[in-house]
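Student: fold the following and give me the result.
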Amino acid sequence: MHAGPEHVTVGLWLESWTQPAWRARALRLLRERVNIQVAYVSLAAPPRPPAPALNGLLRRLLQRDHRRALRFCADPFAPEDVRPLLEGVPVASELAVPAGVDVLMQLGSAAPTPAHLAVAHFGLWRFDADPTHLLDGLPIGFWDVMGGRETVTTALRVQRQPGAPGLLIHRRTSATALGSVAHTAMQALWRQAGDLAIAFGQLAVLGPEVLDQLPAVPAIPARAVPGTLRAAALWARHTARVAGRWAALRGGRYQWHLLAAASGDDPRGELDLGRYRPLLPPPDRLWADPFPVVHDGRTFVFIEEQLFAEPFGHVSVLELHPDRTLSTPRAVLRRPYHLSYPFVFRWAEQWYLLPESFDGGRLELLRAKHFPYEWETDRILLEEAVADATMAQIEGQWWMFAAKMPAPGLDCDELHLYRGPSPLGPWTAHPRNPVRRDVSTSRPAGRLVFHDGHWWRPVQDGSKRYGYAIRWHRILRLDDEGLEEDLGPVVLPVVRRGLLAVHTMNTADGVSLVDGLHLISRERRE
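Tutor: Numbers count the residues shown, from 1 in each chain. So this is what the prediction gives:
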């Protein structure tokens, strides 16, 4: 690992003290970092507002969509006075050239002067998409949603010289909200609000080496704003697509269930879902996140179980009999918040249970008093909310893979790594966290396994929908410099009729278990 500077100094180039809420959050996160120092603020005169680019119909459609999206997501465009966040920071004139800083950060459309850019050691940083208002132009992800695409990408770039192409520093791929253009844009802005603190923090910890050999990935050229007739046609097709999804429910309900198959010789398990047999729960509940283990010659399967009439899920255990039938599930752990992903493992002659307790705001490790039905708290491993924590001892070092939210209320689509001397900790966060910012490659989907000389990691691909598919990633490098992987087999739900998603996969005692999402009819529910 390379030693970074003690802190990073940042100059801010703003157009006003009043900023949209997503930029205010970005500044708040910057100020919370002890190794990031805001050296000055320059208030530049905003450029003359351009003539409205959006036609009247498109503006009305987006405003209506925005009002609906506010029911599900905080408004990133809400104006906020950022002076309290920057109290004590010197204010520099846009004409005066202050002392050099490490980075000049542009927030807004007004470009800094060449003189200011010249004294920024690591150049000018800016977002590809940096709107102040919803209707500044086409929202982020407009064409992705209109085209039915599952993901949207945001990017942070550095410009080292005036007129030079921007080098890609930070890229994030997240799921679109296919039912709403405004909701997609709002979520994307809240996500990228945290990327400044992440990128500056990595520069402070790891040093300027993180900027070496940055890829010159060009920004996607802006597409022309559709005219009134084209906008009407696009929106009509989008509306029909959304209505079709709702119609597909037809009074039904989504239910997670289990599927089982002989695992064969591959420690990753059976990769063809067509070979699996469904194990269905009663219609009043779901079963998900299967973790099978063998104890005293018997196979027990730990699962997330939730009754639809109850607000929270709990951890239950089923016994898998030799004839591949299941016992009645027995609840073994409840909390006053949701529990899922019961990562169970044996270490030092003791069974441990590490369930996801994201809503509890911490990661609790339990040990067995009487396996598999009685558990007691051993310790708190992390005083932070993480999802689907998964441990593995790789080349003598214990690693924990866990997913986190980039901002409150969003999906857990960032991968964070932690390392420790044992599964009991203490756990230290990786200096490059988050090591993944991609909805298709981040969230764990089960235990890591060793196969053909490499460790393999199952990953949830949530790009098409939550928990859509499982990707197996082969780990090529895992150290303080980061995580390097390549893509292996992909387990897709489309091979089974009626199966909509699969998102956890584990193997024990020659049996592979996955969970699957399907739609149950009103008749079966009753």
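
Student: after whichever strand or helix holds residue 388, next one along is what?
Tutor: Here residue 388 sits within strand 387-394, counting by DSSP states H and E. Note on strand 387-394: by DSSP H and E, the next helix or strand toward the C-terminus is strand 397-404.

Student: can you list the strands that that following strand pairs with?
Tutor: Under the criterion DSSP bridges, strand 397-404 sits next to strand 387-394 (antiparallel), strand 414-420 (antiparallel) in its sheet.

Student: okay, buried residues for stretch 58-74 please.
Tutor: By 16 or more other CB atoms under 10 Å, the buried positions in stretch 58-74 come out as 58, 61-62, 65-66, 69, 73. Every residue, glycine included, has its C-beta placed from N, CA and C.

Student: what residues does that stretch touch?
Tutor: Contacts made with stretch 58-74 from outside it, assessed by CB atoms under 8 Å, 6 or more residues apart in numbering, are listed as 21, 52, 54, 75, 134-135, 139, 177, 180-183, 186-187, 190, 225-226, 228, 231, 235, 409.

Student: buried ones in the longest helix seen in the chain?
Tutor: Criterion DSSP state H: the longest helix present in the chain is helix 228-249. Under the neighbour-count criterion of 16+ other CB under 10 Å, helix 228-249 has 231, 234-235, 238 buried.

Student: and what of stretch 346-365?
Tutor: By 16+ other CB under 10 Å, the buried positions in stretch 346-365 come out as 351-358, 360, 363-365.

Student: helices along this protein, start to end?
Tutor: In the chain, the helices defined using DSSP H lie at 21-32, 56-69, 114-118, 142-146, 181-193, 195-206, 228-249, 522-525.

Student: weakest of those in terms of mean pLDDT?
Tutor: When the helices of the chain are ranked by mean pLDDT, helix 522-525 comes last with a mean of 53.

Student: can you get me a residue count around residue 151?
Tutor: For residue 151, the neighbour count with other CB atoms under 10 Å is 17.

Student: just to revisit the earlier point, if we take the buried residues of stretch 346-365, which one ends up nearest to residue 303?
Tutor: Comparing those against residue 303 with CB to CB places residue 355 closest, at 10.7 Å.

Student: that closest one reaches residue 337, doesn't it?
Tutor: No: assessed by CB atoms under 8 Å, residue 355 is found out of contact with residue 337, at 10.7 Å.

Student: domain map for the protein?
Tutor: Domain assignment of the chain by automatic domain parsing yields the ranges 8-247, 250-525.

Student: of all the strands paired with strand 397-404, which one is nearest residue 195?
Tutor: For these, the distance to residue 195 is smallest for strand 414-420, at 10.4 Å, taking CB to CB.

Student: check the offset of that closest one from the chain's centre.
Tutor: 13 Å (CA atoms, centre = their mean, to the nearest Å).

Student: re the thing from before, residues contacting the longest helix of the chain, please?
Tutor: 55-58, 61, 145-146, 148, 178-179, 181, 226, 519.

Student: and those residues, which two are furthest apart?
Tutor: So, those by CB to CB: farthest apart are 56 and 519, at 39.8 Å.

Student: quick one, which of these two is more surrounded?
Tutor: Shown here are residue 56 and residue 519; by other CB under 10 Å, residue 519 has more neighbours (15 against 10).

Student: can you pull the contacts of that one?
Tutor: Contacts of residue 519 (CB under 8 Å, 6+ apart): 248-249, 252-255, 498, 500.

Student: give me that answer again for 6 Å
Tutor: Residue 519 makes contact with residue 252, according to CB atoms under 6 Å, 6 or more residues apart in numbering.

Student: mind pulling up the pLDDT for it?
Tutor: Confidence at residue 519, expressed as pLDDT, is 91.

Student: could you measure it against residue 86, distance?
Tutor: The span separating residue 519 from residue 86 equals 51 Å under the rule CB to CB, to the nearest Å.

Student: spatially central residue in the protein, please.
Tutor: With distances taken as CA atoms, centre = their mean, residue 413 lies nearest the centre of the chain, 1.0 Å away.

Student: burial measure for the closest residue to that residue other than its chain neighbours, as a count.
Tutor: Distances taken as CB to CB, 6 or more residues apart in numbering place residue 439 nearest to residue 413, at 4.2 Å, with adjacent residues excluded. Using other CB under 10 Å, residue 439 has 26 neighbouring residues.

Student: correct me if wrong: residue 439 contacts residue 172.
Tutor: No: assessed by CB atoms under 6 Å, residue 439 is found out of contact with residue 172, at 9.0 Å.

Student: ok, back up a step: export the longest helix of the chain to PDB, keeping only CA atoms.
Tutor: Output in PDB follows, covering the C-alpha atoms of helix 228-249 (Å, rounded to 0.1, in the frame of the first residue of the first chain):
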ATOM      1  CA  THR A 228     -43.000  17.400 -29.000                       C
ATOM      2  CA  LEU A 229     -44.200  14.600 -31.200                       C
ATOM      3  CA  ARG A 230     -41.200  12.400 -30.500                       C
ATOM      4  CA  ALA A 231     -41.500  13.000 -26.700                       C
ATOM      5  CA  ALA A 232     -45.200  12.100 -26.800                       C
ATOM      6  CA  ALA A 233     -44.400   8.800 -28.600                       C
ATOM      7  CA  LEU A 234     -41.600   7.900 -26.300                       C
ATOM      8  CA  TRP A 235     -43.600   8.600 -23.200                       C
ATOM      9  CA  ALA A 236     -46.600   6.700 -24.500                       C
ATOM     10  CA  ARG A 237     -44.500   3.600 -25.100                       C
ATOM     11  CA  HIS A 238     -42.900   4.000 -21.700                       C
ATOM     12  CA  THR A 239     -46.300   4.300 -20.000                       C
ATOM     13  CA  ALA A 240     -47.600   1.200 -21.800                       C
ATOM     14  CA  ARG A 241     -44.500  -0.800 -20.700                       C
ATOM     15  CA  VAL A 242     -45.000   0.200 -17.000                       C
ATOM     16  CA  ALA A 243     -48.700  -0.600 -17.200                       C
ATOM     17  CA  GLY A 244     -47.800  -4.000 -18.700                       C
ATOM     18  CA  ARG A 245     -45.600  -4.800 -15.700                       C
ATOM     19  CA  TRP A 246     -48.400  -4.000 -13.200                       C
ATOM     20  CA  ALA A 247     -50.900  -6.000 -15.200                       C
ATOM     21  CA  ALA A 248     -48.700  -9.000 -15.000                       C
ATOM     22  CA  LEU A 249     -49.300  -9.100 -11.300                       C
END
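
Student: name the residues of stretch 252-272 that come out as buried.
Tutor: Quick answer for stretch 252-272 (16+ other CB under 10 Å): 253, 255-261, 263, 266, 268-271.

Student: need the distance between the two termini of that stretch.
Tutor: With CA to CA, to the nearest Å as the measure, stretch 252-272 spans 27 Å from end to end.

Student: what pLDDT, on average, does that stretch get?
Tutor: Averaging pLDDT along stretch 252-272 gives 93.

Student: quick one: residues in contact with that stretch.
Tutor: Under the contact criterion CB under 6 Å, 6+ apart, stretch 252-272 has outside partners 275-281, 286-288, 290, 449, 451, 456, 472, 489, 491, 505, 507, 510-517, 519-521, 525.
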